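*Asks:* Would you be able to build a 3D model of this:
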Amino acid sequence: MSRRQRENLEKIDRSRVYELREAFQLLKELRPARFDETVEVAARLGVDPKKSDQMVRGAVSLPHGLGKKVRIIAFAEGDAAEAAREAGAVEVGGEELAQRIEGGWSDFDIVIAHPAMMRIVGRLGRVLGPQGKMPSPKSGTVTPNVGQAVAEFMAGKVEFRVDSGGNVHVPVGKASFAADKLVENTTAFLDYLISLKPATARGTYLRNISVCTTMGPGLKVGYES
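*Replies:* Next comes the predicted model:
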């Protein structure tokens, strides 16, 4: 551990639950890396992901975006394909695009699909699923409004789903963002996450929340909607 890392850790009170703005201001001060790190929020939920009715999944538009360019591909034909290209999709297609992915191509972040194209996309589940890129109606990535969906994700809409341990991880911006913008992005995400609480979930829903940067330590934060 470097001297700077030790000094940064000394500034953190592990026993504290920080207020959001205070946590982001502290993370911005620490900034152990020389690049503009991604800021991430992690939430542990009181759900059982093994139960289909407690699978939390969705997508939310962050008011200040993510501060990075995302590569989006779209499965669409005709007017929907043209709308996807105009909105900024890096690749648009059908069978040939599916074959490229089956061949190992994965240089993209998000997949948007028109419902009519799911006959092709469906077989890519074993490839896209483990990467967290399989399109789904719940996350807004299977939609007849392909162009609009591409534009929204280009502008900072983020997709998420609970993992097997009941945790959700979402990027909410860059360390260079003002603390207020990080707070507003995080609030938008957490408010939406709370709205997705399954009716069958029992006990505390938001059990733990923490924020961190790519190379920095995690800080526990409190939140009330």
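*Asks:* Doesn't Arg21 belong to a helix?
*Replies:* Yes: assessed with DSSP: H, G, I helix; E, B strand; the rest coil, Arg21 lies in a helix.
*Asks:* which residues sit in contact with it?
*Replies:* 179-180, 183 (Cβ atoms under 8 Å, 6 or more residues apart in numbering). Where C-beta positions appear, they are placed from N, C-alpha and C, glycine not excepted.
*Asks:* for this structure, what spans make up the strands?
*Replies:* 38-45, 57-61, 72-75, 91-93, 110-113, 157-161, 167-174, 206-213, 219-220 (DSSP state E).
*Asks:* Next, format the contacts of Arg21 as TSV and append neighbour count, pLDDT and distance to Thr214.
*Replies:* Below are these laid out as TSV (neighbours: other Cβ atoms under 10 Å; pLDDT from 0 to 100; distance: Cβ to Cβ, whole Å):
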residue	neighbour count	pLDDT	distance to Thr214
Ala179	16	95	17
Asp180	12	96	21
Val183	21	97	19
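*Asks:* out of those, which are inside helices?
*Replies:* Using DSSP state H, the members of the contacts of Arg21 that fall within helices are 179-180, 183.
*Asks:* which among those gets closest to Thr213?
*Replies:* Using Cβ to Cβ, Ala179 comes nearest to Thr213 of these, at 12.6 Å.
*Asks:* Skipping adjacent residues, who's closest to that closest one in space?
*Replies:* Phe24 (4.3 Å; Cβ to Cβ, 6 or more residues apart in numbering).
*Asks:* Could you verify my assumption that the one you found touches Leu182?
*Replies:* Yes: the pair Phe24 / Leu182 is scored as a contact, 4.4 Å apart, by Cβ atoms under 8 Å.
*Asks:* Please identify the buried residues of stretch 18-30?
*Replies:* Buried positions in stretch 18-30, judged by neighbour count with 16 or more other Cβ atoms under 10 Å: 18, 20, 23-28, 30.
*Asks:* swap in stretch 96-104?
*Replies:* Here stretch 96-104 shows 97-98, 101 as buried, counting by 16+ other Cβ under 10 Å.
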